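Peer 1: Would you be able to build a 3D model of this:
(4 chains)
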Amino acid sequence: MSTLAANRKPKVMGLRDAISTYVHSGDTVSLEGFTHAIPTAAGHEIIRQGITDLTLVRMTADIVVDQMLAANCISTLVSSFVGNSSAGSLGEIRRRIEASGPQNLNYVEYSHYGMVCRYLAGAQKLPFYPLRSYFGSDLPKVNPEIRKVLSPYPGPDGKPEEIYVVPPINPDVAIVHAQRADQWGNVQMWGLTGIQAEAVFSAKHAIVTVEEIVPDDVVRSDPNRTIIPSHAVSAVVPVPFGAHPSFIQGYYDRDNDFYRSWSAISADEALLAEWLATWVHGTTDHSEYVELMGAAERERLSVAPAMSQPVNYGRRR
Amino acid sequence: MSTLAANRKPKVMGLRDAISTYVHSGDTVSLEGFTHAIPTAAGHEIIRQGITDLTLVRMTADIVVDQMLAANCISTLVSSFVGNSSAGSLGEIRRRIEASGPQNLNYVEYSHYGMVCRYLAGAQKLPFYPLRSYFGSDLPKVNPEIRKVLSPYPGPDGKPEEIYVVPPINPDVAIVHAQRADQWGNVQMWGLTGIQAEAVFSAKHAIVTVEEIVPDDVVRSDPNRTIIPSHAVSAVVPVPFGAHPSFIQGYYDRDNDFYRSWSAISADEALLAEWLATWVHGTTDHSEYVELMGAAERERLSVAPAMSQPVNYGRRR
Amino acid sequence: MTTTQSYSVDELITITAARELVDNSVVFAGIGLPTLAVSLAQNTTATNLEVIYESGVCGAHPSELPSTIADAVLITDSEAVLTISALFGYVLQGGRIDVGFLGAAQIDKHGNLNSSVIGDWDAPAKRLPGSGGAHEVLANANETFVIMRRHTARAFVKELDFCTSAGPDRVIAEGGTPRSRGVTKVFTEYGVMSRAGAGEELTLTAIHRGITAEDVVAATGWELQVSPELTVIAPPTEAELALLRDEIDPSGVYLR
Amino acid sequence: MTTTQSYSVDELITITAARELVDNSVVFAGIGLPTLAVSLAQNTTATNLEVIYESGVCGAHPSELPSTIADAVLITDSEAVLTISALFGYVLQGGRIDVGFLGAAQIDKHGNLNSSVIGDWDAPAKRLPGSGGAHEVLANANETFVIMRRHTARAFVKELDFCTSAGPDRVIAEGGTPRSRGVTKVFTEYGVMSRAGAGEELTLTAIHRGITAEDVVAATGWELQVSPELTVIAPPTEAELALLRDEIDPSGVYLR
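Peer 2: Numbers count the residues shown, from 1 in each chain, chains lettered A, B, ... in the order given. Next up, the predicted model:
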């Protein structure tokens, strides 16, 4: 039985083309990756292309957001955590929000599960998503998007029950990073998979940067490993080391030294500008950034193998 | 760093004990498996133990439900599909529902996604789950559990927007079948994973029957393969061929001959009673049922290998 | 239906449906004739067609024709397997399906479908399987093709005994906003009925050779409108029949 | 705080918290002292304790102490990795967590927490990271333990500058039904404050050796109640310290 599409079009693109095709000034852009697999290289390319006025949606707004803010890419930030993990502060974010700063950032604050539910609503094209959060919190007071609904079923005590809801996110483009994909854009990922699938399904377009494009048979030997199917992907972009300074399970480790160094860099606007000039504007693409990291640095972050045991999908005799 | 719990208790049980411990007459029981991995052996053990008056929840009510109905285990059936796949009719279900029959079954009808959303609400302990179904359908007219909510956000046309919702399912026990688990109840599955994880998370207790219990290191070599974590499982039960006549990806194929034969068996109450007498009441447990199938039958359903390629989880150097 | 050509009703319906599939679209297909129609289209006029099965399988490369939507041969060598909640929530309700395929026991002139009961729901003359995912396919796929092999007044009815799956007209009547065009094509042993979407009736737009419009009107339970541009469907070509019989279903799993 | 014993404040807090963990419970732990406390409990009084990380890792068997909740060493050799939506939806909101661990910039007498801003939210003196998952941990874990290393009146306040994460008293005040007992224990350099749940104030129930109740009251921004059964916490044992230093954190990742 033949079901192969004869003129099927591969979705592989270069990062420059993918960003210029799908990301425009003024867009709403989701950049996701929960500590693991942060799409840093894509963020840097947005900076290189001078894209501005973005509404950036990201659960954990960390170093790459600090960099994009400093490069004036972002006018609104929607997030549930603005911090440099446990490694210190994000200087630019603080300058843009705090009273002593220029206060030119529109910040929309949620909790993590509020953001998760916004993606769930977005992926499912729901008008809202209910969650058991927000009663008693000041968050709804500073975020009028967080609202309430009356349940049509009686509560556990037999009385009417109210519940908070959040609205969908439907970004113009979602950008995520993963270990690998095939040429058609079937994306495989392991380790922490976070909210990436939901972010992609919620978006009009999706760019997936990957450590490597693998042959079709690698993906097809394990279809359950595919967390994002081809039909939801607009462009798949090979970008080795594309998540640095975050890590890719089985490919390279987290650059904790870099995370720790960021507090000092971002605290000083001149240092931060110099960092961007060297590492982003000073490189034409991510392969030059990786070159600049140097072989010793890449070696320092390398990992030893820990292979999964295979499973049997079975074949009819 | 040691984090191993020294006196951790394995969750492995025999099927008889698991059913008698967690399933009681009058309970609400979810039995899930979407064509793949139907927990038939568990259904048969419920029949053997003479458990009655169950509210049975199952998206695709098929042969095992027909058998449990004929054995008088079920007083209410909650489902979105009552059919023997494309292989014919379910005689007992039709007798219990149609005007010419005894009409002693309380049937609660949903669509597939309505059932999915009931599990999603159940797993998330939500009072309801919204979905874009049911406008214009007669289903809400015969199922008063399907209700409406007014969205607190304006619709796409700027006007108030209504949406249907369904209530949570929180069964007393969920029963599912999978390829394998470790002794602690970490359940790994591939191929069609259906709604099994949500069914387990929605339930107070969960019984998972598996083709095999595997050593800890097999599970831990690939933690993303675990679809149900230990803490959500009450009992894990090794039951080889426990999904027959449905199939287990990589273990055995679907017994299409049996599916086709069921129309004739179930159409005749005497034949159906005889089938139950031979295959369920006539066997003390599922290993005797498998014995009765015979070696030739098991050989006929066997599959050739099609192994997944391993992935690297990485180890810090 | 009688025909002097050497092909079956199933082959005729399959080939007619395949010709209506547009390239680069995403199709939600059940097992049986839709599987064959999609496969034929992928080999002829819509070579970049994508098929997603209700079981969650995307990019299937089966070693043989699947006998159910969840057949093990659909999973092995496929490109992705989605959970049921992702399939229904993110893909179907998410609006990512262009064309759904359905069957039904009854259909009315607006493409509303009954697959639940014949007779009263409370004490039916015949209990049918029910919705399965049909309700959601009709509600969410941009358009739905319906295959009804037997064209009779008992199936093409003025009033459904029960509306399991509602088209956009009924959605609007209840005050909702339709998310789909509903049924746009119905393929039967007699020909094709079509409508663009809400507000339109299913109209006879094409008939198979040897059939008259009067035959079809007589076999339809409502006053079937006949298109002034009624066409006669070109019979299956040798190439189409050869593909179906020799490449797609050589063991005759579905073709009778 | 000064102590004549040869252990640090971190060790003291870790050991005190570990002793409060009950066997067979499921703990939602952040990185740092909670990780150490849980590990110590698993090796002493709560050997069947289960730990789930906010990143979705269940049954971690790390080769070394993780430096973040998402550290690669937590994933390799673990028993399960959940998606973020399963972790927050099915596990946390699903009511499957017995004990959550949190920190905060400010806490009030009912265990409400601020981790968003110092000053006005609109133009804060200091922007803090915000909720992350803290709001949901406090709302959904059956009870929450808070670790606040520095016990000062700027952290233990009468009025929060902003309530990021609300305890059950504030939930009730807004007309909601609490799903948790909220903060039940607060561990500091001075001792332990406790409450059973809604309606109760955090009360000083235990102090470390060398500390007086007056010290603690003076360092607290509200009028801290002192339990009539105030106890003095037994100092770390040699065995506890040896486990912590030699087995659990031999490289001194968290212990200073």
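Peer 1: From now on I want contacts and neighbour counts done on CA atoms only, so please keep to that.
Peer 2: Will do.
Peer 1: measure the residue nearest to the spatial centre of chain A to D:E174 for me?
Peer 2: Against the mean C-alpha coordinate of chain A, by CA atoms, centre = their mean, the closest residue is A:E32 at 1.6 Å. Using CA to CA, to the nearest Å, we find A:E32 at a distance of 33 Å from D:E174.
Peer 1: for A:I227, same thing?
Peer 2: When distance is defined by CA to CA, A:I227 is 40 Å away from D:E174.
Peer 1: Between these two, tell me which one has more neighbours.
Peer 2: Ranked by neighbour count (other CA atoms under 10 Å in any protein chain shown), A:I227 and D:E174 place A:I227 first, with 21 against 12.
Peer 1: Is the helix or strand hosting the more buried one positioned near chain D?
Peer 2: Here A:I227 sits within strand A:226-228, counting by DSSP states H and E. No. Judged by CA under 8 Å from any CA of the partner chain, strand A:226-228 makes no contact with chain D; its nearest approach is 10.6 Å.
Peer 1: Going along the chain from that strand, find the next helix or strand for me.
Peer 2: Sequence order places strand A:235-238 as the next helix or strand after strand A:226-228, per DSSP H and E.
Peer 1: Need the residues that contact the lowest-mean-pLDDT helix or strand in chain C.
Peer 2: The least trusted helix or strand in chain C, going by mean pLDDT, DSSP states H and E, turns out to be helix C:33-42, with a mean of 90. Contacts of helix C:33-42 with the rest of the structure, by CA atoms under 8 Å, 6 or more residues apart in numbering or on different chains, involve A:2-6, C:10, C:13-15, C:17-19, C:21, C:27, C:29, C:47-49, C:51, C:101, C:240, C:243-244, C:248-249, C:254.
Peer 1: returning to that earlier point: can you give the strand pairings for the strand holding A:I227, parallel or anti for each?
Peer 2: Applying DSSP bridges, strand A:226-228 is found paired with strand A:187-188 (antiparallel).
Peer 1: follow-up on the earlier one: in strands, which of the contacts of helix C:33-42 appear?
Peer 2: Within the contacts of helix C:33-42, residues falling in strands by DSSP state E are C:V27, C:A29, C:V51, C:F101.
Peer 1: From those residues, which one has the minimum pLDDT?
Peer 2: Lowest pLDDT of the ones in strands among the contacts of helix C:33-42: C:A29, 85.
Peer 1: How about it: which residues does it bridge to?
Peer 2: C:Y53.
Peer 1: ok so, going back, for the least confident helix or strand of chain C, which positions count as buried?
Peer 2: Using 16 or more other CA atoms under 10 Å in any protein chain shown as the test for burial, helix C:33-42 gives C:L33, C:P34, C:T35, C:L36, C:A37, C:V38, C:S39, C:L40, C:A41, C:Q42.
Peer 1: how about the helices of the stretch 151-256 of chain C, start to end?
Peer 2: Assigned by DSSP state H, counting those that start in this stretch, the stretch 151-256 of chain C shows helices spanning C:168-173, C:213-218, C:238-242.
Peer 1: Whichever strand or helix holds A:I265 near chain D at all?
Peer 2: Taking DSSP H and E as the criterion, the element that holds A:I265 is helix A:256-267. No. Shown here: helix A:256-267 not in contact with chain D (CA under 8 Å from any CA), separated by at least 8.8 Å.
Peer 1: wait, which of the ones in strands among the contacts of helix C:33-42 is closest to chain D?
Peer 2: When the ones in strands among the contacts of helix C:33-42 are ranked by distance to chain D (CA to the nearest CA), C:V51 comes first, at 26.4 Å.
Peer 1: Okay, the closest residue in space to that closest one that isn't next to it in sequence and C:P34: tell me how far apart.
Peer 2: Nearest non-adjacent residue to C:V51, counting by CA to CA, 6 or more residues apart in numbering or on different chains: C:V27, 4.8 Å away. With distances taken as CA to CA, C:V27 is found 10 Å from C:P34.
Peer 1: who touches both of these two?
Peer 2: C:F101.
Peer 1: I'd guessed A:N143 sits against A:V108; true?
Peer 2: Yes. With contact defined as CA atoms under 8 Å, A:N143 counts as touching A:V108 (6.7 Å).
Peer 1: Those two: which has the busier surroundings?
Peer 2: More crowded of A:N143 and A:V108, by other CA under 10 Å: A:V108, with 16 against 13.
Peer 1: Could you find the closest non-adjacent residue to the more buried one?
Peer 2: A:V78 (4.7 Å).
Peer 1: ok, now which ones touch that neighbour?
Peer 2: Residues near A:V78 by CA under 8 Å, 6+ apart: A:T55, A:L56, A:V57, A:R58, A:M59, A:Y107, A:V108, A:E109, A:Y110.
Peer 1: Give me the phi and psi for C:S8.
Peer 2: With angles defined as degrees, to the nearest 10, C:S8 sits at phi -90, psi 170.
Peer 1: What is the neighbour count of it?
Peer 2: By the measure other CA under 10 Å, the count of residues near C:S8 is 15.
Peer 1: can you tell me how far it sits from D:R170?
Peer 2: Remark: distance between C:S8 and D:R170 (CA to CA) = 71 Å.
Peer 1: And for A:P152?
Peer 2: Distance, A:P152 to D:R170, using CA to CA: 24 Å.
Peer 1: one step back: for B:D222, state which of the ones in strands among the contacts of helix C:33-42 is nearest.
Peer 2: When the ones in strands among the contacts of helix C:33-42 are ranked by distance to B:D222 (CA to CA), C:V51 comes first, at 29.5 Å.
Peer 1: Surely that closest one touches C:D23?
Peer 2: No. Counting by CA under 8 Å, C:V51 does not reach C:D23; the two are 11.6 Å apart.
Peer 1: neighbour count winner among those two?
Peer 2: Each of C:V51 and C:D23 has its neighbours counted (other CA under 10 Å); C:V51 has more, 25 against 15.
Peer 1: contacting residues for that one?
Peer 2: C:V26, C:V27, C:F28, C:A29, C:V38, C:C58, C:G59, C:A60.
Peer 1: which ones are touching the nearest residue to C:A218 once chain neighbours are set aside?
Peer 2: Take C:A218 and drop its neighbours on the chain: the residue closest to it by CA to CA, 6+ apart is C:A153, 7.9 Å away. C:A153 makes contacts with C:A218, C:A219, C:T220, C:G221, C:W222, as judged by CA under 8 Å, 6+ apart.
Peer 1: Give me the number of neighbouring residues for A:A41.
Peer 2: By other CA under 10 Å, the residues close to A:A41 number 25.
Peer 1: Please tell me how far it sits from chain B.
Peer 2: With distances taken as CA to the nearest CA, to the nearest Å, A:A41 is found 22 Å from chain B.
Peer 1: Let me see the contact set for that residue.
Peer 2: By CA under 8 Å, 6+ apart, the neighbours of A:A41 are A:V239, A:G242, A:A243, A:H244, A:H286.
Peer 1: One more: C:D169?
Peer 2: So C:D169 contacts B:G136, C:H110, C:A198, C:G199 (CA under 8 Å, 6+ apart).
Peer 1: For the third one, give its distance to chain B.
Peer 2: C:A198 is 13 Å from chain B, where distance means CA to the nearest CA.
Peer 1: Now that residue. Its backbone dihedrals?
Peer 2: Torsion angles, degrees, to the nearest 10, at C:A198: phi -50, psi 140.
Peer 1: where does it land on pLDDT?
Peer 2: In this model, C:A198 is scored at 96, pLDDT.
Peer 1: Touching, it and C:V171? I think so.
Peer 2: No. The criterion here is CA under 8 Å, and C:A198 misses it with C:V171 at 9.4 Å.
Peer 1: Narrow the contacts of helix C:33-42 to just the buried residues.
Peer 2: A:2-5, C:10, C:13-15, C:17-18, C:21, C:27, C:29, C:47-49, C:51, C:101, C:240, C:243-244, C:248-249, C:254.
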